[in-house]
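Trainee: Sequence plus predicted model, see below.
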Amino acid sequence: MLLRALIEELDYVALQGEPDVANVTSIAFDSREVAESGLFVAITGFTVDGHHYISKAAENGAAAILVEREVELSGLPSSIVVVKVTDTRQALALASARFYDNPSKKLSLIGITGTNGKTSTTYFVKSILEEARATVGVIGTIGAMIGDTPLATKSTTPTTPESLHLQHMFSDMAHAGVDTCVMEVSSHALSLQRAAASRFRIGVFTNLTPDHLELHRTMEEYYEAKAMLFDLTSDYNVVNIDDEYGRRLSDKVRHHKAQLLTYGVVPDIPSAGFDETALPDVYATNIQYEADHTTYVAHTPVGRVDIRVNLPGLIYVYNSLAAVAAAYCQGIGLGQIAAGV
């Protein structure tokens, strides 16, 4: 594939050679993995700067190199095309999606973000979808899977893979007949553009509590990173409005193209001043806790259904309720939702 086709949506400047003549057969962001006629994308990391390994990529046969700052060209073969872009992380995401023929567009992609609950919510959604006879892929903390079969990957990144590996996984899933992919989306991944070229049908927000401040520094930065997912969705944004930051997020995305669907827990005995007109779109009542399970009634825009979760605790009410809301957005019936949870 010509380099120009991979980066045509980006602003770029050719420092050496012409993108029209560079035919790319693979992509790498690790110079050690560059193959003959490959594209090397120089990423500025926290401890390692890929710009320092351009000559190594050239030795390994790179046909083209993407950089985001000025580099020394005198030692590179004149046959290598060198292109400067504003952000090589964004360029890696876009080029990878193009290289694999935009595979996320071939899937119904559900992204789940939040401090807590991403993994259990992901697997609640997976279980419901499989009850509805969907072929489901999962990407997250536990790994990548198609059904119950692990998906081979080079990714060493926890939770959300680097964009090149992510797009490769989407491609493998699409070729394997997966129709829906449920994916944990971390704040790190959103900040570092790993999901930038992914097309999410549904985004789910669980909650936000102090964590990961080594990267984001403040809760405000952390919140803004999480909110980035909901600019990437096409159909639904599912948001927990019992969470302080969820309420902020619901106000932020209320007028987005994707429809807002809120969820939360409604107490059986409302407090003074409770506003019944402000009920979430999907909500739980009549919660009963047992030693080994929890039951509740889930209310949705198309009716109510009894839910049993084989895990005790309020956190699993919220996580399963998020899955109920996501399944509703997928058009799954209440009976299959209850059986799947």
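Mentor: Alright, I've got the coordinates.
Trainee: mind listing the helices for the stretch 101-250 of the chain?
Mentor: Along the stretch 101-250 of the chain, counting by DSSP state H, counting those that start in this stretch, helices occupy 118-131, 163-175, 187-191, 213-216, 219-227, 244-253.
Trainee: where among the ones you listed is the average confidence lowest?
Mentor: Lowest mean pLDDT within the helices of the stretch 101-250 of the chain: helix 213-216, a mean of 67.
Trainee: Select, out of the helices of the stretch 101-250 of the chain, the one closest to residue 90.
Mentor: Evaluated over the helices of the stretch 101-250 of the chain, closeness to residue 90 peaks at helix 163-175, with 8.8 Å, by C-beta to C-beta. Yep, even glycine has a C-beta here, placed from its N, CA and C like the rest.
Trainee: Low-confidence ranges, this protein, go.
Mentor: Low-confidence segments of the chain (pLDDT under 70): 155-158, 211-214, 269-277.
Trainee: what about the longest helix in it?
Mentor: Ranked by residue count under DSSP state H, the longest helix found in the chain is helix 314-329.
Trainee: Now do the contacts for the residue nearest to residue 126 when sequence neighbours are not counted.
Mentor: Nearest residue to residue 126 in three dimensions, chain neighbours excluded: residue 136, at 5.1 Å (C-beta to C-beta, 6 or more residues apart in numbering). By C-beta atoms under 8 Å, 6 or more residues apart in numbering, the contact set of residue 136 is 126, 129, 130, 146, 147, 178, 179, 180, 181, 182.
Trainee: Would you mind giving the helices of the stretch 101-250 of the chain as TSV with mean neighbour count and distance to residue 32 added?
Mentor: Listed next are the helices of the stretch 101-250 of the chain as TSV, based on neighbours: other C-beta atoms under 10 Å; distance: least, C-beta to C-beta, whole Å:
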stretch	mean neighbour count	distance to residue 32
helix 118-131	23	31
helix 163-175	23	14
helix 187-191	22	23
helix 213-216	12	26
helix 219-227	18	30
helix 244-253	18	40
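Trainee: Tell me which of those approaches residue 37 most closely.
Mentor: Comparing the helices of the stretch 101-250 of the chain against residue 37 with C-beta to C-beta, the closest turns out to be helix 163-175 (16.3 Å).
Trainee: Which elements pack onto the closest one?
Mentor: Counting contacts by 3 or more C-beta pairs under 8 Å, 6 or more residues apart in numbering; DSSP states H and E, helix 163-175 is packed against helix 88-99, strand 136-140, strand 143-146.
Trainee: Burial check on residue 86, number of neighbours?
Mentor: Look at residue 86: counted by other C-beta atoms under 10 Å, it has 11 neighbours.
Trainee: Next up, the contacts around it.
Mentor: 10, 11, 68.
Trainee: before we move on, what SS does residue 32 have?
Mentor: Of the three states, residue 32 takes helix under DSSP: H, G, I helix; E, B strand; the rest coil.
Trainee: Spit out the contact partners of it.
Mentor: If a contact means C-beta under 8 Å, 6+ apart, then residue 32 has 56, 60 as its contacts.
Trainee: rewinding a little: distance to residue 282 for the helices of the stretch 101-250 of the chain - can I get that in CSV?
Mentor: Shown next, in CSV, are these (distance: least, C-beta to C-beta, whole Å):
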stretch, distance to residue 282
helix 118-131, 13
helix 163-175, 27
helix 187-191, 24
helix 213-216, 29
helix 219-227, 20
helix 244-253, 13
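Trainee: Nearest to residue 341, out of those?
Mentor: When these are compared by C-beta to C-beta, helix 118-131 sits nearest residue 341, at 6.0 Å.
Trainee: counting contacts, what elements does the closest one pack onto?
Mentor: strand 108-113, strand 136-140, strand 180-184, helix 314-329, helix 334-340.
Trainee: Give the partner strands of the second one in its sheet and their orientations.
Mentor: Strand 136-140 sits in its sheet next to strand 143-146 (antiparallel), strand 180-184 (parallel), going by DSSP bridges.
Trainee: want to throw those strands into CSV with distance to residue 318 and mean neighbour count?
Mentor: Below are the strands paired with strand 136-140 laid out as CSV (distance: least, C-beta to C-beta, whole Å; neighbours: other C-beta atoms under 10 Å):
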stretch, distance to residue 318, mean neighbour count
strand 143-146, 24, 17
strand 180-184, 16, 26
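Trainee: Quick one: closest of those to residue 246.
Mentor: That would be strand 180-184 among those, by C-beta to C-beta, at 17.3 Å.
Trainee: Send me stretch 36-46 as CSV with only the CA atoms.
Mentor: Listed next in CSV are the C-alpha coordinates belonging to stretch 36-46 (Å, rounded to 0.1, in the frame of the first residue of the first chain):
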residue,chain,number,x,y,z
GLU,A,36,11.9,-5.2,4.3
SER,A,37,9.7,-2.4,2.7
GLY,A,38,8.1,-1.7,6.1
LEU,A,39,7.0,1.6,7.6
PHE,A,40,8.7,2.6,10.8
VAL,A,41,6.7,5.1,13.0
ALA,A,42,9.0,6.8,15.5
ILE,A,43,7.1,7.2,18.8
THR,A,44,8.3,9.4,21.6
GLY,A,45,7.7,7.2,24.7
PHE,A,46,8.1,7.9,28.4
